[in-house]
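> Whatever this is, show me its structure:
(chains A and B)
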Number of protein chains: 2
Amino acid sequence: MVNPSLKAVRGAFVDFVDDPFSTSQLNSELQSVRYLQDGLLIIEDGKIIEFDTYSNLSDRYAQIPTEVHEGLILPGFIDLHVHYPQTEMIGAYGEQLLAWLDKYVFPTESKFRDVDYARQIASFFLDELLRNGTTSAVVLTTIFPASVDVLFEEAQRRNMRLIAGQVLMSRNAPEYLLNEPQKAYAENRELIQKWHGQDRLLYAITPRFAITSTDAELKLAAKLKEEYPDLYIHTHLSENLKEIEFTAALFPTSKDYLNVYEQFDLVGDRSIFAHCVHLDESAFERMSNSGAAIAYCPTSNLFLGSGLFKLHQAKSPEYQIKVGIGSDVGAGTSFSQLKSMGEAYKISQLQGQSLSAFKAFYLATLGGAKALSLDDKIGSFDRGKEADFVVLDVNATPLQALRNRATKGDFSLEAIASQLFGLMTLGDERSIKATYVAGKLAL
Amino acid sequence: MVNPSLKAVRGAFVDFVDDPFSTSQLNSELQSVRYLQDGLLIIEDGKIIEFDTYSNLSDRYAQIPTEVHEGLILPGFIDLHVHYPQTEMIGAYGEQLLAWLDKYVFPTESKFRDVDYARQIASFFLDELLRNGTTSAVVLTTIFPASVDVLFEEAQRRNMRLIAGQVLMSRNAPEYLLNEPQKAYAENRELIQKWHGQDRLLYAITPRFAITSTDAELKLAAKLKEEYPDLYIHTHLSENLKEIEFTAALFPTSKDYLNVYEQFDLVGDRSIFAHCVHLDESAFERMSNSGAAIAYCPTSNLFLGSGLFKLHQAKSPEYQIKVGIGSDVGAGTSFSQLKSMGEAYKISQLQGQSLSAFKAFYLATLGGAKALSLDDKIGSFDRGKEADFVVLDVNATPLQALRNRATKGDFSLEAIASQLFGLMTLGDERSIKATYVAGKLAL
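Below is the predicted model:
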């Protein structure tokens, strides 16, 4: 008797079995890629139970329903840093970080006091992630506990792997967006007990950034982390020069921005720091030693003019810092991780470096999973993982189809690299033919 | 008796009556914009004969066929620099300018020896421009005269305003892409007589860039310009640091890159120089004095890592250089001038400047027309101009529609600016509802 939840997906699969940054030789980079031109993925109860070539598996699974896809099938994208309340204010004109927060972000976030409104945006936001092939995300909310609840509820309905938490802010923002640290601490405990570990949901302690936190608040954040050691810490670090200057003035005893978080014991292997654009070698080294992860947000860093993240340094043999990619909407200009990758390529080019397609797609899949210490659950097609994946159409527009004539019928890894590079340069949500969450077609 | 070619287009029109860069006051920038919330454009034989509010004109034109459009109607975009033979190699991985030329561009351009192939790409290329709302373009071809013929033929069939010319190259490229200068001179004369001034077509003398030209070739280019003073000069200038270094070595008597072209009398008010990323103040001043124009190519400058063009300096009161926007496909990553504008915004942000929507759209419309000394013919809705225009859907995706809820029903110039900024940040060819060339719907 075949389990009725058993199903098979057949097509061309691309994922990673190693970190392509860990070597500088082209051959070795290719060795990090697993490409099955005609592969079969067997899914049971939303999890991958087999993954191999069609020819190796077809005999054993001839009887189960099989969906066949054209295109390239990759693990679902992981968005390591995104603000759901900023969805509607994407593309806000004319400011860099601090003024942009004051002028656009804070007034928008205040609307999330209204739970119906929050739910509407949460629902749109999650669908937009799925439309763009993103199946997991690390999400900032607002100070309002109900804005956290509705996001988790909507993510649970979609069975997505989502990490989020109430935003902690107790100074340097409008009164209407400040929370009292003790009250927030109590609210966090309730939210943690309610959501952390439910289905695929996980909780992140989320001080917005050092500027909006008092010492008391950061101490309570650390206390929560001590009480619930498997929670994430999710915050911003070293995004913008004026932000860094202001932080230094607010925390005169910290030797640098990262040290603010270090002083409060918030830097560890479940800490995710968005941006890290202006970290120096000392900070890179301490990040590396701590096992903390960087959420690199290319479209945001360009849109706000924050600067050029030193990806190749962070991922160098010297530091080997865990890095994933964040869309950082609303400062980011797209929910598409394809677009994030394309902008990351440009940022690398401006620094005289080339970001290969395999490296970029690694960051958005297995690299993101490793950054979250979730690489036993998501990020590749290894057996036992959750079956989150995306079917990519490399020829979604006439221009892409024309470009890819050169590699038509070529199934070498070089041809796949070219097609993936085309996606990160020219692709968008039209390139996403289908998004599967835990084995089920989403949307 | 009404002329049967008479027709009217009704909708919300946005164009420019002045250069928004010419002032630094917000009020004055807004004064450069002409916005008719309910406007009527009267077209006869492909030209604009009236443009005013619907209420002012409707009595006189009640009898003629009227097309009514939702969305914003703007002048057709002008692409000031684009390589049609590079269409199919858009998004080529991993190199900066000189290596990218050797590895990708030159082999691709060699295929244009085959005229059937050239026609196929020319046809695709022009349709792709139109799909993206671009109605006029300044186009590089190859060294093969037939590759120029087919482009002009296809543009003539579409009645587009197109400026192009045979590419001159006589050294520092593979043998198969070199032309003998005297032969090229003769071929140019033939092409000029055949195409310059035919319908809406104009000719540009097109030395690829200083590196691929000998003194002899640049002298013959100057001779052509002397014989046909109303031709354009179209070439590249100061794109990449290694290119600049190589140019300096090739032309040791020139005091800088621009001076190479100056020494051969190729710098004047019909000269278009693509890129100009690394020009210093002296070069900016000489560009300004000569009346030469810059084709700013944002997506290309980022994709090849060429650098950050100093737009705000070029357009400052001190220099007031004529600037338009080039997609520079295939180094550019999109035919969409909306995307060019979005990337231009990011380049400005990285330099601590803000590029407003009105400034950006000016560059892609009237600014481009002025750069070409064609502002008596294209670039705005003034009476007597050719009726090239584009209908923009500001809500082409769910995300754009959500973003624009904030300005729904608001017809202030500030709301229009926000919607246009949304287009340059989030838009692409889906935002183009319709493209009209000389009064007729294209595609």
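> got a list of what A:T435 touches?
Neighbouring residues of A:T435 by Cβ atoms under 8 Å, 6 or more residues apart in numbering or on different chains: A:G76, A:L130, A:R131, A:G133, A:T134, A:T135, A:F389, A:V390, A:V391, A:L441, A:A442, A:L443. (Each C-beta comes from the backbone N, C-alpha and C, glycine too.)
> Which ones, among these, also lie beside chain B?
The residues of the contacts of A:T435 that also fall near chain B, by Cβ under 8 Å from any Cβ of the partner chain, are A:R131.
> what would the contacts of A:T435 look like in TSV with neighbour count, pLDDT and distance to A:E285?
Putting those into TSV (neighbours: other Cβ atoms under 10 Å in any protein chain shown; pLDDT from 0 to 100; distance: Cβ to Cβ, whole Å) gives the following:
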residue	neighbour count	pLDDT	distance to A:E285
A:G76	29	98	32
A:L130	24	98	38
A:R131	20	98	39
A:G133	30	98	34
A:T134	27	98	31
A:T135	30	98	33
A:F389	31	98	36
A:V390	26	98	35
A:V391	22	98	40
A:L441	11	97	44
A:A442	21	96	40
A:L443	11	77	43
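> How far off centre is stretch A:398-414?
On the basis of Cα atoms, centre = their mean, to the nearest Å, stretch A:398-414 sits 28 Å off its chain's mean C-alpha point.
> And it, what's buried?
Across stretch A:398-414, burial judged by 16 or more other Cβ atoms under 10 Å in any protein chain shown covers A:L399, A:Q400, A:L402, A:R403, A:N404, A:T407.
> Same question for stretch A:376-388.
A:K377, A:I378, A:G379, A:S380, A:F381, A:D382, A:K385, A:E386, A:A387, A:D388.
> was I right about the fifth one contacting A:E50?
No. Counting by Cβ atoms under 8 Å, A:E50 is not a contact partner of A:F381; they are 9.7 Å apart.
> intersection of neighbour lists for those two?
Here A:F381 and A:E50 share the contacting residues A:L41, scored by Cβ under 8 Å, 6+ apart.
> out of the contacts of A:T435, which are inside strands?
Counted as lying in strands by DSSP state E, out of the contacts of A:T435, are A:T134, A:T135, A:F389, A:V390, A:V391, A:L441.
> which residues does the third one contact?
Read that as A:F389. Here A:F389 is in contact with A:V9, A:L41, A:I73, A:L74, A:P75, A:G76, A:T135, A:F381, A:T435, A:Y436 (Cβ under 8 Å, 6+ apart).
> Just grab the bridge partners of the closest residue in space to the last one that isn't next to it in sequence for me.
Counting by Cβ to Cβ, 6 or more residues apart in numbering or on different chains, the nearest residue to A:Y436 once its immediate chain neighbours are dropped is A:F389, at 5.0 Å. A:F389 has the following beta-bridge partners by DSSP bridges: A:P75, A:Y436.
> circling back to that earlier point, and the contacts of A:T435 as TSV, adding distance to B:G305?
Formatted as TSV, these follow (distance: Cβ to Cβ, whole Å):
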residue	distance to B:G305
A:G76	30
A:L130	33
A:R131	31
A:G133	27
A:T134	27
A:T135	32
A:F389	32
A:V390	29
A:V391	32
A:L441	39
A:A442	36
A:L443	36
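> And for the residue in the stretch 51-200 of chain A that chain B sits nearest to, nearest residue in space, chain neighbours not counted?
For the stretch 51-200 of chain A and chain B, the shortest gap (Cβ to the nearest Cβ) falls at A:G91, measuring 3.6 Å. Spatial nearest neighbour of A:G91, excluding adjacent residues (Cβ to Cβ, 6+ apart): B:T425 at 3.6 Å.
> Also A:T108?
Spatially, and ignoring its direct neighbours in sequence, A:T108 is nearest to A:M89 (4.7 Å; Cβ to Cβ, 6+ apart).
> and that neighbour, how far is that from A:A331?
Look at A:M89 and A:A331: by Cβ to Cβ, to the nearest Å, they are 10 Å apart.
> quick one: which of these two has more around it?
The neighbour count for A:M89 versus A:A331, taken as other Cβ atoms under 10 Å in any protein chain shown, is higher for A:A331 (33 against 22).
> Look up how far B:R34 lies from the more buried one.
To B:R34, A:A331 is 32 Å away according to Cβ to Cβ.
> again with A:L101
According to Cβ to Cβ, A:L101 and B:R34 sit 34 Å apart.
> out of those two, which sits in the busier spot?
The neighbour count for A:L101 versus B:R34, taken as other Cβ under 10 Å, is higher for A:L101 (22 against 16).
> one step back: what residues are up against the residue nearest to A:T108?
A:M89 neighbours (Cβ under 8 Å, 6+ apart): A:Y104, A:V105, A:T108, A:G330, B:R403, B:A406.
> and the first one, how many neighbours?
The number of residues packed near A:Y104 is 18, by other Cβ under 10 Å.
> Specify the local secondary structure of the closest residue to it other than its chain neighbours.
Distance criterion Cβ to Cβ, 6+ apart; nearest residue to A:Y104, sequence neighbours excluded, is A:A92 at 4.1 Å. Three-state call for A:A92 (DSSP: H, G, I helix; E, B strand; the rest coil): coil.
> Distance check, A:A92 against A:Q86.
9 Å.
> so what sits against both of these two?
Taking Cβ under 8 Å, 6+ apart as the criterion, A:A92 and A:Q86 both touch A:G330.
> Isn't A:I321 up against A:H312?
No. With contacts counted by Cβ under 8 Å, A:I321 stays clear of A:H312, the gap being 11.3 Å.
> Mind telling me what element A:M341 is part of?
Assigned by DSSP states H and E, A:M341 falls within helix A:337-350.
> can I get the CA coordinates of that helix in PDB?
What follows is helix A:337-350, C-alpha atoms only, in PDB (Å, rounded to 0.1, in the frame of the first residue of the first chain):
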ATOM      1  CA  GLN A 337      16.200  37.000  -4.900                       C
ATOM      2  CA  LEU A 338      17.100  36.800  -8.600                       C
ATOM      3  CA  LYS A 339      17.200  40.600  -8.600                       C
ATOM      4  CA  SER A 340      19.200  40.600  -5.300                       C
ATOM      5  CA  MET A 341      21.800  38.400  -7.000                       C
ATOM      6  CA  GLY A 342      21.900  40.600 -10.100                       C
ATOM      7  CA  GLU A 343      22.600  43.600  -7.900                       C
ATOM      8  CA  ALA A 344      25.100  41.600  -5.900                       C
ATOM      9  CA  TYR A 345      27.000  40.900  -9.100                       C
ATOM     10  CA  LYS A 346      27.100  44.600  -9.800                       C
ATOM     11  CA  ILE A 347      28.400  45.500  -6.400                       C
ATOM     12  CA  SER A 348      31.100  42.800  -6.800                       C
ATOM     13  CA  GLN A 349      32.000  44.200 -10.200                       C
ATOM     14  CA  LEU A 350      32.400  47.700  -8.800                       C
END
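> Does anything pack onto it? Which helices or strands?
helix A:298-303, helix A:311-314, strand A:322-325, helix A:357-364, helix A:413-426, helix B:298-303 (3 or more Cβ pairs under 8 Å, 6 or more residues apart in numbering or on different chains; DSSP states H and E).
> who does the third one touch, helix- and strand-wise?
Read it as strand A:322-325. Counting by 3+ Cβ pairs under 8 Å, 6+ apart, strand A:322-325 packs on strand A:77-83, strand A:293-296, helix A:337-350, helix A:357-364, helix A:366-371.
> quick one: which of the buried residues of stretch A:376-388 is nearest to B:D15?
Using Cβ to Cβ, A:D388 is the member of these that lies nearest B:D15, at 47.5 Å.
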